[in-house]
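**Student:** sequence first, then the predicted structure:
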Amino acid sequence: MPRYMLIFRSTDEVMAKMMETPFEQMLEMTGRFNEELIKAGVLVAAEGLDDPSQGVVVDFSGETPVVTDGPYGETKELFGGYYILDVASKEEAVEWAKRLPAMTGSKCEIRRVPTIDEFPQDNEWIIKERAWRERTGQL
């Protein structure tokens, strides 16, 4: 079955509203959704991200990479976390995304995650990655 990544994106305003929500309430909403995914057998991975002010950006627009510490001032969309689901189709991923416990104003981008089998199997780097995945139990 194909895998799809559901990527949470929020604005500064949504992040501020989320910070006002009691942490226990957020855990309850997220926990109930995660439990549905687990019971359906589609959850592969899920992670939320720390406050953007704790992150850095590495910008490759110039000749050398420039590192900037957060916070970043005004941002249009922040990447806040993700789920990886093992579902039958993009349509099924969309149906799960519609059920996310998301704040009004946030967005969820859905992207298919290609498998290693879709790359040239005679490429030396794919051979090395496949060996690593087998050693680590990912294949």
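**Tutor:** Received, thanks. Numbers count the residues shown, from 1 in each chain.
**Student:** show me which residues of the worst-scoring helix or strand of the chain on mean pLDDT are buried.
**Tutor:** Within the chain, no helix or strand scores below helix 12-20, which has a mean of 81 by mean pLDDT, DSSP states H and E. Across helix 12-20, burial judged by 16 or more other C-beta atoms under 10 Å covers Asp12, Val14, Met15. Heads up, the C-betas are built off the backbone N, CA and C, glycines and all.
**Student:** what's the longest helix seen in the chain packed up against?
**Tutor:** Longest helix in the chain by number of residues, with DSSP state H as the criterion: helix 23-40. Contacts defined by 3 or more C-beta pairs under 8 Å, 6 or more residues apart in numbering; DSSP states H and E place helix 23-40 against strand 43-48.
**Student:** quick one: the least confident helix or strand of the chain to helix 23-40, angle?
**Tutor:** Using axes from the mean of the first three to the mean of the last three C-alpha atoms, to 10 degrees, one finds that helix 12-20 and helix 23-40 are set 100 degrees apart in direction.
**Student:** residues contacting the nearest residue to Leu43 once chain neighbours are set aside?
**Tutor:** Sequence neighbours aside, Leu37 is the residue nearest to Leu43 in space, at 3.9 Å (criterion: C-beta to C-beta, 6 or more residues apart in numbering). Leu37 makes contact with Leu43, Ala46, Tyr83, Leu85, Trp96, according to C-beta atoms under 8 Å, 6 or more residues apart in numbering.
**Student:** and of those, the nearest to Glu24?
**Tutor:** Ala46 (18.6 Å; C-beta to C-beta).
**Student:** burial check on that closest one, number of neighbours?
**Tutor:** When neighbours are defined as other C-beta atoms under 10 Å, Ala46 has 16 of them.
**Student:** looking at it now. What's its pLDDT?
**Tutor:** Listed pLDDT for Ala46 reads 94.
**Student:** so it touches Leu100, yeah?
**Tutor:** No: between Ala46 and Leu100 there is no contact under C-beta atoms under 8 Å: 10.8 Å.
**Student:** so which of the buried residues of helix 12-20 is the closest to Met29?
**Tutor:** Closest to Met29, out of all of these and judged by C-beta to C-beta, is Val14, at 14.5 Å.
**Student:** thanks again, I'm all set now.
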